[in-house]
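J.: Give me a 3D structure for the following:
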Amino acid sequence: MNYSSVKTKIPALVFVHLGKNPAPTLVEMAKISRLYFPEADCYLVTDRASDWFEFPGKVLEYSKINRSTKFKDFSRRHPELEGISGGYWLYTTERIFCLSDLVKYLEPTQPVIHLESDVYSTIDLELFESYLSHLDIGTWVPRYSATRGIGSTIYSTSVSRLAQDLKALEDLISSNRRIDNDMDLLGAALNLGLLKELPTLMRDFENLRPESIVLFDALAVGQYIFGQDPLHTGGIRTSGYRNPDSEFDFDNCKFLVDFSKHPLGRVAAKCGGRKFEIATLHLHSKVTPSPIKQDTTYWEKAINAANQGVKTYSEIHYVDVIHMQPISLLNRIRRARKVGYKMHAQRVIRYRVSKFWCLILKVSRRGTAE
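T.: Okay, the predicted model is just below:
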């Protein structure tokens, strides 16, 4: 089929950002997604359209007035989510439901690829036609763990199907009052069969044809090559992190820069004589690298360090302007009551201990440099 002649069959690339918190990687990652997939229109759904004049696509205005009755009920049940970190924890869930607004702008049959603002997407027309367009009808997300999913990449075979599946998610979040975040929601939906699972592990392709070998990074691969978000590491980007919730086989694979499938390059992993193309790489550390072809040396240096098990550290200290915002006593009590006072105390202690060790690491590195 000639997809260029059937506009509604080419997927829309969609980003979402809500609230006043910064998203420093969004514009750059959107630009990169368009470099790889110039045939696709690119959209940003946001409640602050005037903040995003640099976005390389169409900006779609969203308002929380448009929240469904069920999401309004969810927000009222969890008032602390909007009061912590500038609403960060509420918006991470709401951004999924924002996608229902796309029915106003896109044809019902048009596929949708939603990307988080820190995802380096190498999805192109060839990958879409050879893999994504052949997936069963439904909405697909990566699995983070046995009980959690992640919205780093969300693919739906059509806008109409996406709207249908979002209604099912609304029903789920309303009926299960223990769910108060997007990852638990997506995980429950995967386990119930409401959503379908994008491949994240090499073992997902044990019995499939070689041309189908493509992975969508939930989080672990990006964390291993480039590190965690600096908010977890005392403001210093540290590579080589192995996410304990991931079953990715780091010990038996080697990463490489591969130009065989796209001239801009793609990260791939070789394992057991097979090569796995990584379609989306979740850059949790919030780095904004240039396209692989434009700065191959940078990418190869990061990948070689990962392959050799060598940790690298940033020279810049990054300030967490989102999660360092003060939390009111009332919201602290609400959160502690919800997760359990004992669990809350353990989390606080772990956080403070990790900050202490990060400080020691920073001081020791500074002393070694001198």
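J.: CA atoms for contacts and neighbours, from now on please.
T.: OK.
J.: my guess is Ala23 contacts Ser117, does it?
T.: Yes - judged on Cα atoms under 8 Å, Ala23 makes contact with Ser117 at a distance of 7.0 Å.
J.: Quick check on these two: which one has the bigger neighbour count.
T.: Ranked by neighbour count (other Cα atoms under 10 Å), Ala23 and Ser117 place Ser117 first, with 23 against 12.
J.: so how far is Ala279 from Ala168?
T.: 27 Å (Cα to Cα, to the nearest Å).
J.: who's more crowded, these two?
T.: Using other Cα under 10 Å as the criterion, Ala168 and Ala279 rank with Ala279 on top: 19 against 15.
J.: ok, now which ones touch that one?
T.: Each residue near Ala279 by Cα atoms under 8 Å, 6 or more residues apart in numbering is listed here: Ser121, Thr122, Ile123, Val214, Leu215, Phe216, Asp217, Arg266.
J.: what's the burial count for Ala269?
T.: Ala269, neighbours per other Cα under 10 Å, totals 21.
J.: What about it? Give its phi and psi, please.
T.: Dihedral pair for Ala269: phi -130, psi 130, per degrees, to the nearest 10.
J.: hey, what's it bridged with?
T.: Residues in a beta bridge with Ala269, per DSSP bridges, are Phe255, Phe276.
J.: hmm, back to that, mark which of the contacts of Ala279 are part of strands, please.
T.: Ser121, Val214, Leu215, Phe216, Arg266 (DSSP state E).
J.: Tabulate these (CSV), appending distance to Ser100, pLDDT and neighbour count.
T.: Formatted as CSV, the ones in strands among the contacts of Ala279 follow (distance: Cα to Cα, whole Å; pLDDT from 0 to 100; neighbours: other Cα atoms under 10 Å):
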residue, distance to Ser100, pLDDT, neighbour count
Ser121, 22, 98, 26
Val214, 27, 94, 25
Leu215, 26, 96, 22
Phe216, 23, 97, 24
Arg266, 31, 97, 25
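J.: and Cys253, how many neighbours?
T.: Neighbours of Cys253 under the rule other Cα under 10 Å: 19.
J.: what does Tyr120 give?
T.: 30.
J.: what's across from it in the sheet?
T.: Under the criterion used here (DSSP bridges), Tyr120 is bridged to Leu281.
J.: Would you confirm that it contacts Glu28?
T.: No - at 9.1 Å, Tyr120 does not count as touching Glu28 under the criterion of Cα under 8 Å.
J.: quick one, strands of the stretch 251-370 of the chain?
T.: Applying DSSP state E, counting those that start in this stretch to the stretch 251-370 of the chain gives strands spanning 254-258, 266-271, 274-282.
J.: where along the stretch 151-300 of the chain do the helices fall?
T.: Counting by DSSP state H, counting those that start in this stretch, one finds helices in the stretch 151-300 of the chain at the ranges 159-175, 182-192, 220-226, 296-307.
J.: now for the first one, which elements pack on it?
T.: What it means is helix 159-175. Contacts defined by 3 or more Cα pairs under 8 Å, 6 or more residues apart in numbering; DSSP states H and E place helix 159-175 against helix 69-77, strand 139-142, helix 182-192.
J.: pLDDT at the residue nearest the centre of the chain, what is it?
T.: In the chain, the residue lying closest to the centroid (Cα atoms, centre = their mean) is Ser152, at 2.3 Å. On the pLDDT scale, Ser152 is placed at 96.
J.: burial measure for the closest residue to it other than its chain neighbours, as a count.
T.: Distances taken as Cα to Cα, 6 or more residues apart in numbering put Glu116 closest to Ser152, at 5.0 Å, once the chain neighbours are dropped. Look at Glu116: counted by other Cα under 10 Å, it has 24 neighbours.
J.: now Glu116: how far from Leu18?
T.: Taking Cα to Cα as the measure, Glu116 falls 12 Å from Leu18.
J.: How about Ala305?
T.: 35 Å.
J.: go on, Leu166?
T.: From Leu166 over to Leu18 (counting by Cα to Cα), the distance is 18 Å.
J.: out of the two, which sits in the more crowded spot?
T.: Using other Cα under 10 Å, the more surrounded residue of Leu166 and Leu18 is Leu18, with 23 against 20.
J.: Isn't that one up against Asp51?
T.: No - between Leu18 and Asp51 there is no contact under Cα under 8 Å: 10.8 Å.
J.: picking up where we left off before, reformat the helices of the stretch 151-300 of the chain as JSON lines; add mean pLDDT.
T.: As requested, the helices of the stretch 151-300 of the chain are arranged in JSON lines below (pLDDT from 0 to 100):
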{"stretch": "helix 159-175", "mean pLDDT": "96"}
{"stretch": "helix 182-192", "mean pLDDT": "97"}
{"stretch": "helix 220-226", "mean pLDDT": "94"}
{"stretch": "helix 296-307", "mean pLDDT": "95"}
